[in-house]
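Peer 1: Show me the folded form of this:
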Amino acid sequence: QLLIYENEFGLFTCFVQATYGFTLSNQGAADSGTIVEFTSTTNGITDDCLSAIPPNDGTVQPGDTVIVDKQVLIDMTIRQEYNTVAYIRAETPMGFTCDDTATLQFVAGNPNLPSFG
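Peer 2: Numbers count the residues shown, from 1 in each chain. As a prediction, this is how the structure comes out:
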């Protein structure tokens, strides 16, 4: 498998770092919500993203929005589908719970070359 190559333009890798940007908003009228669970699952691999929420206490005030970035590695050597599901759950001081899920799907990588023979 080709991992790195060089041509007249320079040295290149076959793996690309991509950034997902998750936008988390408290759209309710309740007091602040504390995010108690935040995961991102890409192609069956789940990452706990809770500690990535600034300021690391997971509290989002009503009307506030927090953007959380996550790096993923894209293998450009083969054409494949990437499926990412983000799940978030928050609780209010009054004991109410809310949750949401978002899905992102895309295809990346070199297409299969025709075979002759």
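
Peer 1: can you give me phi and psi for Phe96?
Peer 2: For Phe96, the backbone dihedrals are phi -80, psi 150 (criterion: degrees, to the nearest 10).

Peer 1: Begin at 34 from now on, thanks
Peer 2: Okay, residue one is now 34; in that scheme the one you just asked about reads as Phe129.

Peer 1: Spatially central residue for the protein, please.
Peer 2: For the chain, the residue sitting closest to the mean C-alpha position, by C-alpha atoms, centre = their mean, is Tyr53 at 4.4 Å.

Peer 1: check contacts around that one.
Peer 2: Ser73, Asp102, Lys103, Val105, Thr117, Ala119, Leu137 (C-beta atoms under 8 Å, 6 or more residues apart in numbering). All C-beta atoms are positioned from the backbone trio N, CA, C, and that covers glycine.

Peer 1: same check, this time on Gln94
Peer 2: Asn59, Ser65.

Peer 1: low-scoring pLDDT stretches of this protein, where are they?
Peer 2: Scanning the chain for pLDDT under 70 picks out the ranges 34-39, 61-64, 89, 145-150.
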